[in-house]
Structure formats: C-alpha cells, structure tokens
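When you get a sec, could you give me coordinates for this:
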Amino acid sequence: MSLKNIIFLTVLAVSFSFCSKNKVKPVIVESLTSEEIPDQEIYNSKVRITELGELKAILYFDTLRKYTDTEVTLLKSVKIHFYNEEGVNTSTLTSVKGKINNKTNDMYAIENVVAASDSGVTLYTEELMWRNKDQKIVTEEFVTIVNGEDKTEGYGFESDQSLVNYKIFHPVFTSQNNNGIK
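Numbering: from 1, shown residues only. As a prediction, the model looks like this:
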C-alpha cells in the first residue's frame, strides 16, 4: 500500500469517527396537535387565479399554510392584484395576514388592510372579505374610504372588486373638498 493510500484511509477513518460522535437528535414538539400542523407549506410565491382561462387575480404571499381537515389556508404578507375581463389590473389589496376558505374560495384580508383601485379610491380597514360567489368585497368593520380629497368613514362596506360601485352602510364622518371649500 502506498503512502498516499494510507493517508487517504487515515483521513477517511478520522472523518467517520467525528461523524459518529456528533449525532444530532431532532427536536420533538409534543405540545402541537395534528390539527395545528399544516398539510402543505409554501414560501415567497405567487398564484395566478383564473376562471375559464381568464386571469382574475394574482396572489403574492410570504407564507402559505394549507390545512385539509379544516378546509382553511392561512397566509402571511398578502398582496393581490385584481384584473377585469380585458386583463387590466383594476385594484390591489395588501394585508398582514389572510385566510382562504378552501370550500367556498372566499378570501379574507386581516390586519392593516389597504385596497386601492386604479381609479384613485383607497379603502383602509382591519378586516375585509372577498366573497367568491358574487365577487364582492365586504366587511362589517370600521372603514375609511379616500377618493381624491374626499374622505368617508363608517361601519359596514360592500363593493365590486374594482372599488367603483361601493357603499358604506353606517357612515359616521364625511369630508368633501369642493374647490377648497370644506
């Protein structure tokens, strides 16, 4: 046996001996139940939402956790671009968290929700739902709508997804700027 082979075998044997002494045991968290562990996790992705081949929205998120048993998907750092029939972006929604009902495909935006249309209307609230069956944006929470220099606040809101036709059910404040007169 040559000196080169002896050195190689010695280095290999020493390497194996270090490996066997440094075994790492996995950490087992016994406090979690199977319902708390997601079936799927996805990070830093985007999802194209289509209907009959037509682009309806693009969903961006930092974290997605899908739970099959409860039929819920949870999201973190959410951004959604909504598109009209011509494929033009009509509005954008952002929130800290989100939730999707996997059965109805209703989407919920939660915490620091901002929905802005390309027509200049911006909605601020803490919770908002996009209802899939009629493609409406709704909430019973407090909302602030800014349209140019006009501002309306109140409770309860419904709108189309492009924020063109909207109403606040219980307004509590409205300011309108009519050529500098308030």
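
From Ser45, how far off is the residue most central in space within the chain?
Geometric centre of the chain, nearest residue: Val78, 2.8 Å, by CA atoms, centre = their mean. Applying CB to CB, to the nearest Å, one obtains 12 Å for the distance of Val78 from Ser45. Just so you know, the C-beta spots here come from the backbone N, C-alpha and C atoms, and that holds for glycine as well.

Need the residues touching each of these two.
By CB atoms under 8 Å, 6 or more residues apart in numbering, Val78 and Ser45 have these common neighbours: Tyr60, Phe61.

before we move on, back to that, so the residue nearest to the centre of the chain makes contact with Leu59?
Yes: the pair Val78 / Leu59 is scored as a contact, 7.3 Å apart, by CB atoms under 8 Å.

Give the next helix or strand downstream of the helix or strand bottoming out on mean pLDDT in the chain.
Ranked by mean pLDDT, DSSP states H and E, the weakest helix or strand in the chain is helix 3-21, scoring a mean of 56. Next helix or strand after helix 3-21 toward the C-terminus (DSSP states H and E): strand 40-51.

Pull out the buried residues from stretch 127-140.
Glu127, Leu128, Met129, Trp130, Asn132, Lys136, Ile137, Val138, Thr139 (16 or more other CB atoms under 10 Å).
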